[in-house]
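1. prediction below, plus the sequence it came from.
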Amino acid sequence: MAIQSFLVPLGTPAPGFSLPAVDGRELSLGDFADAPALLVVFLSNHCPYVKRIENGLGALTAEYLARGVATVAISSNDTTGYPADAPERLAEQVTRAGFTFPYLVDESQDVARAYRAACTPDFFLYDTARTLAYRGQFDGARPSNDVPATGETLRRALDLVLAKQPVPEPHDPSLGCGIKWRP
């Protein structure tokens, strides 16, 4: 069953984090302080909604990295029940999807709770002051349709944030697999 993302209030400050990446580094919110925008994406390796857009996400984030946008992915799923989301499998996803951004593991699930992440994928775009400027879908691509996974909705939001303009509401919520919470 697909779950919609929560529409966290715009202007909400980015919650802090310090998490291990699948490549062994430890990264925190402060490591992205110099970027004009920060995209925080909650992802998983097993979800068909993520698989449907992962190549498009890899391409879009690489393009915006050249414009200074920092992206960080976080996996918060319970890996006991969902071993496909274990760090070594996330590393395989990085290669498969061409991700150029760090992929962090939120084993405690505290970061997902702090961000109010509901599903994978779940997108949170912060401006230079690290206040929430956009939360919503990547685009209209879903496992059940043939819409190209170009990220057109997120692209519009990124362009506005980089131009220091507000992203007009309404924002369409993301749709995906629910976060797999530990019992």
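-> Happy to help now that I have it. Please read these numbers as outputs of a predicted model, since none were measured by experiment.
2. for this structure, what's the longest helix?
-> Longest helix in the chain, counting residues (DSSP state H): helix 48-65.
3. nearest residue to the middle of the chain?
-> The residue lying closest to the centre of the chain (Cα atoms, centre = their mean) is V41, at 0.9 Å.
4. that's a strand at V40, yeah?
-> Yes: under DSSP: H, G, I helix; E, B strand; the rest coil, V40 sits within a strand.
5. quick one, what contacts H171?
-> With contact set as Cβ atoms under 8 Å, 6 or more residues apart in numbering, H171 has these partners: 7, 134-137, 157. (C-beta placed from N, C-alpha, C; glycine too.)
6. just to check, R142 is in contact with G176?
-> No: counting by Cβ atoms under 8 Å, R142 does not reach G176; the two are 9.2 Å apart.
7. which one of these two is surrounded by more residues?
-> Set R142 next to G176 and count neighbours by other Cβ atoms under 10 Å: G176 wins out with 28 against 17.
8. just name whatever secondary elements whichever strand or helix holds the more buried one is in contact with.
-> Here G176, judged by DSSP states H and E, is contained in strand 175-178. For strand 175-178, the helices and strands in contact under the criterion 3 or more Cβ pairs under 8 Å, 6 or more residues apart in numbering; DSSP states H and E are strand 2-4, helix 48-65, strand 119-120.
9. next, N77: secondary structure please.
-> In three-state terms, and counting by three-state DSSP, N77 is coil.
10. just give the number of residues close to it.
-> There are 30 residues near N77, going by other Cβ under 10 Å.
11. please report how far it lies from A149.
-> The gap separating N77 from A149 is 21 Å, by Cβ to Cβ, to the nearest Å.
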